[in-house]
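A.B. asks: after the sequence you'll find the predicted model.
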Amino acid sequence: MVIVTAAADGERSGCLVGFATPVSINPERYLACVSKANHTWHVAMAATHLAVHLAPSDDPALAELFGGRTGDEIDKLARCPWSEGPHGTVLLDACADRFVGAVLDRIDLGDHTGMLLSPVSVQRGEGAPPLRYRAARGIEPGHPA
């Protein structure tokens with residue numbers, strides 16, 4: 001599970017993403033799929049760069065915040081520490097493993113949009129192992145699909 005954050009036009013947002021994967025080694029490419037029902041989708045559609053964070057398994061409250069709450073009702077980023085990253089991105093302080101990617105393309109995938117990313121900045125830390133889908137599947141989506 002990853003948390004994708006976006007910043008554009010004076011707005012910031014983030015959401016828990018279950019559909020994400022590397023799609024090319026050379027050149028490096030990554031696909032993060034954001035639900036069109038999410039507040040984050042609107043911000044991500046205008047962003048030039050997105051930040052992708054491996055959700056840490058030792059912080060279930062963070063996954064619950066970004067997966068079980070909607071940015072239409074609350075400011076998720078006011079409820080957790082974060083820093084501004086490259087290209088004005090939002091970097092979650094609790095996530096040691098993360099990268100910033102330039103948005104190369106947006107692909108309509110039905111109820112999700114695939115954001116094709118080219119990593120421009122990568123940070124690896126000594127954080128907990130990533131949260132797996134099995135551990136997060138009980139999170140009720142903050143926004144109905």
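C.D. replies: Alright, I've got the coordinates. Numbering: from 1, shown residues only.

A.B. asks: use CA for all of it now, contacts and neighbours both
C.D. replies: Will do.

A.B. asks: now the residue in the chain sticking out farthest from the centre: how far from Pro119?
C.D. replies: Most distant residue from the mean C-alpha position of the chain: Asn26, 22.7 Å away (C-alpha atoms, centre = their mean). Using C-alpha to C-alpha, to the nearest Å, we find Asn26 at a distance of 12 Å from Pro119.

A.B. asks: same check on Ile74?
C.D. replies: Computed as C-alpha to C-alpha, the Ile74 to Pro119 distance reads 29 Å.

A.B. asks: neighbour count winner among those two?
C.D. replies: Taking other C-alpha atoms under 10 Å, Ile74 and Pro119 do not tie; Pro119 has more neighbours (19 against 11).

A.B. asks: what bridges to the more buried one?
C.D. replies: Counting by DSSP bridges, Pro119 is bridged to Gly101.

A.B. asks: does it touch Arg29 like I think?
C.D. replies: Yes - here Pro119 lies in contact with Arg29, judged by C-alpha atoms under 8 Å, at a distance of 7.0 Å.

A.B. asks: what secondary structure does the residue farthest from the centre of the chain sit in?
C.D. replies: Following DSSP: H, G, I helix; E, B strand; the rest coil, we place Asn26 in the coil state.

A.B. asks: from Ser118, how far out is it?
C.D. replies: 11 Å.

A.B. asks: strands paired with the helix or strand containing Val52, and their directions?
C.D. replies: Element membership of Val52 [criterion: DSSP states H and E] is strand 49-54. Using DSSP bridges, the strands paired with strand 49-54 are strand 2-8 (antiparallel), strand 98-108 (antiparallel).

A.B. asks: grab the nearest non-local neighbour of Ala44.
C.D. replies: Of all residues not flanking Ala44 in the chain, Ala6 sits nearest, at 5.3 Å (C-alpha to C-alpha, 6 or more residues apart in numbering).

A.B. asks: so what's the residue count around that neighbour?
C.D. replies: Number of residues near Ala6 (other C-alpha under 10 Å) recorded here: 26.
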